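J.: With the sequence up front, the predicted model follows.
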Amino acid sequence: MDNKNTSKKSRNYSKSAKNKSNNQSNMENTSKLNAKNAKAHKKRAGYHYVFSKEWKMMYIPIISVLSFLFVLSVILICVMPYTPPDGGKSKSGWPYHVVAPFVDLSSWVPIGSQYSLNGVPNMGLVEEHTGISYYNLGFIQPDMSTPLDSKGNIRWGWGGLYKLSEKGNDGYQYPKIKQTITELEKMGAKYTISIGGQLGAAPWIVTTDVDKLTNFYLDVINTYNLKRMDLDIEESNQTHANNIANAKAIKKVQDQTGIEIVLTIPIMPNGWQEKQINIIRAYLDQGVNIALINSMTMCYGTGVYANEDYGDASIRAIENSIRQMKEIWASYGTNLTDAQAYAKTGATVDIGYESDLYPIFTTEMTKKVVAHAKQHKYGMVSYWSINRDAKMDSNKGVKNQYEFLKELNGFYM
């Protein structure tokens, strides 16, 4: 009797254990299924995975450093001044380092010259002979006899002659001015048109009406499809109040067209004088974006040292202007490096004979300036003028055709 009960109990225990084992297996399967369903539900609901401690220790510091570097790079791009790349070009299509001689389009070229188009310089032929590709064309000014019409609008023309303009077209020289500019375009050359100049009054001198000045500039820009414009602010055109009015007009024009602006101003070997510094500030105060400040490294008179020639004096002038430019820009919250300041610098030498008041500017002097320009990567090297160097004009300081251009070509990067 006891053996029977024991055997029966044993069978019942075995069966109970088996059922318990099956129940436990079912519970584990149910748990795994629930976990899988929960994971899928979290994924559908947009929940994020919980990263392991090891993963956090390994990758989070790396991600933090990369994030910091990204934020820092954005700040530097927004805050730091831009340094133009060597060999690059601005939005106007002009290189950041360029040789661009000045040309007087209104200066009479004798009819017998190969460079004469009804007395107008044949720039297509100059381009064919030299391949310069970049030019400063001067000068557009208000008409010398009647600068304003009855409504106060500026009557402008090349060389201050209304007949050398789109509206005053004389039918003889002006069509050739248009032709010579068109030929440059067809040959792939680019040009800046210079407003102002030494002789005659600049537009901002004959009127300080900002709207009239704005309309004048827009007229010139649209007529000649300009991307870059030079303001030649000579001694007679440096009145501060007038330049403030002009700066307001230039700002409006720049906002409308994106025109690139160059200031051409006088300089002495000790740098810009107070008058020139005030002019630069007049344009910066109005928010004008100045692409380049082109210093006229010429006509120093008694400003040179006893042991230096005009080449040495020109280098001293530029070096002093770099210091001044950095000081000016710093006062507006922008700290330029030396390289950035030189990239915003132009030097225009006065080749050959200018007058008995000054020594002849020789090719040897030009070599000195070009060497310094190449070393420091000026934004532009130029000279006054192609008319002399191509021997369109007779000049006792220029012996051989394009002898100065040969020296300037050494500036190319």
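T.: Great, that's in hand. What you see is a predicted model; the values in this text were computed from it and never measured.
J.: shaky segments in this structure?
T.: Along the chain, the model assigns pLDDT under 70 to residues 1-87, 412-413.
J.: Spatially central, which residue of it would that be?
T.: Ala291 (4.1 Å; C-alpha atoms, centre = their mean).
J.: and Ile265, what element?
T.: Ile265 is located in strand 260-266, with elements delineated by DSSP states H and E.
J.: I'd like the distance between Asn270 and Thr192.
T.: 28 Å (C-beta to C-beta, to the nearest Å). No exception for glycine: its C-beta is placed from N, CA and C like everyone else's.
J.: before we move on, what about Met325?
T.: 20 Å.
J.: And the two? Which one has more around it.
T.: More crowded of Met325 and Thr192, by other C-beta atoms under 10 Å: Thr192, with 27 against 23.
J.: ok, the more buried one touching Tyr135?
T.: Yes. At 7.3 Å, Thr192 counts as touching Tyr135 under the criterion of C-beta atoms under 8 Å.
J.: hey, what's in contact with both of these two?
T.: Counting by C-beta atoms under 8 Å, 6 or more residues apart in numbering, the shared contacts of Thr192 and Tyr135 are Ala100.
J.: Skipping its backbone neighbours, what lies nearest Thr239 in space?
T.: Ile205 (6.9 Å; C-beta to C-beta, 6 or more residues apart in numbering).
J.: ok, and that neighbour, which helix or strand is that part of?
T.: Here Ile205 is assigned to helix 203-206, by DSSP H and E.
J.: And that helix, what does it pack against?
T.: strand 134-142, helix 210-224, helix 240-257 (3 or more C-beta pairs under 8 Å, 6 or more residues apart in numbering; DSSP states H and E).
J.: For Cys299, find the nearest of these.
T.: Closest to Cys299 of the helices and strands packed on helix 203-206 is strand 134-142 (C-beta to C-beta; 16.6 Å).
J.: Pull the CA coordinates from the helix or strand containing Asn294 and hand them back as CSV.
T.: Using DSSP H and E, the element containing Asn294 is strand 290-297. Taking C-alpha atoms only, strand 290-297 is exported to CSV below (Å, rounded to 0.1, in the frame of the first residue of the first chain):
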residue,chain,number,x,y,z
ILE,A,290,35.2,99.9,-51.0
ALA,A,291,36.8,97.1,-53.0
LEU,A,292,40.1,98.9,-53.5
ILE,A,293,41.8,102.2,-52.6
ASN,A,294,44.1,103.2,-55.5
SER,A,295,46.8,105.6,-54.4
MET,A,296,48.2,108.0,-57.1
THR,A,297,51.9,107.4,-56.3
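J.: Tell me how far whichever helix or strand comes after that strand lies from the chain's centre.
T.: For strand 290-297, the following helix or strand on the C-terminal side (DSSP H and E) is helix 310-330. Distance of helix 310-330 from its chain centroid, counting by C-alpha atoms, centre = their mean, to the nearest Å, is 19 Å.
J.: and what of stretch 252-259?
T.: Worked out by C-alpha atoms, centre = their mean, stretch 252-259 lies 14 Å from the chain centre.
J.: Same question for stretch 256-264.
T.: Worked out by C-alpha atoms, centre = their mean, stretch 256-264 lies 9 Å from the chain centre.
J.: again, but for stretch 257-275
T.: Centre-to-centre, stretch 257-275 and its host chain are 14 Å apart (C-alpha atoms, centre = their mean).
J.: what are the ranges of the helices in this structure?
T.: 2-45, 53-79, 123-130, 174-186, 203-206, 210-224, 240-257, 274-285, 310-330, 338-343, 363-376, 386-389, 403-408 (DSSP state H).
J.: in the third one, what's buried?
T.: What it means is helix 123-130. Across helix 123-130, burial judged by 16 or more other C-beta atoms under 10 Å covers 123-127, 130.
J.: Please identify the one among the residues you listed that lies nearest to Lys167.
T.: Met123 (22.5 Å).
J.: what's the distance between the nearest residue to that closest one once chain neighbours are set aside and Phe361?
T.: Beyond its immediate neighbours in the sequence, the residue positioned closest to Met123 (C-beta to C-beta, 6+ apart) is Thr180, lying 4.5 Å away. Counting by C-beta to C-beta, the gap from Thr180 to Phe361 is 26 Å.
J.: Comparing the two, which residue is more hemmed in?
T.: Phe361 (27 against 22).
J.: Surely that one and Glu354 touch.
T.: Yes. Counting by C-beta under 8 Å, Glu354 is a contact partner of Phe361 at 7.4 Å.
J.: Mind listing the shared neighbours of the two?
T.: Listed contacts common to Phe361 and Glu354 are Met298; contacts here mean C-beta under 8 Å, 6+ apart.
J.: sorry, back to before: separation between the residue nearest to the centre of the chain and Gln254?
T.: Counting by C-beta to C-beta - Ala291 and Gln254 are separated by 10 Å.
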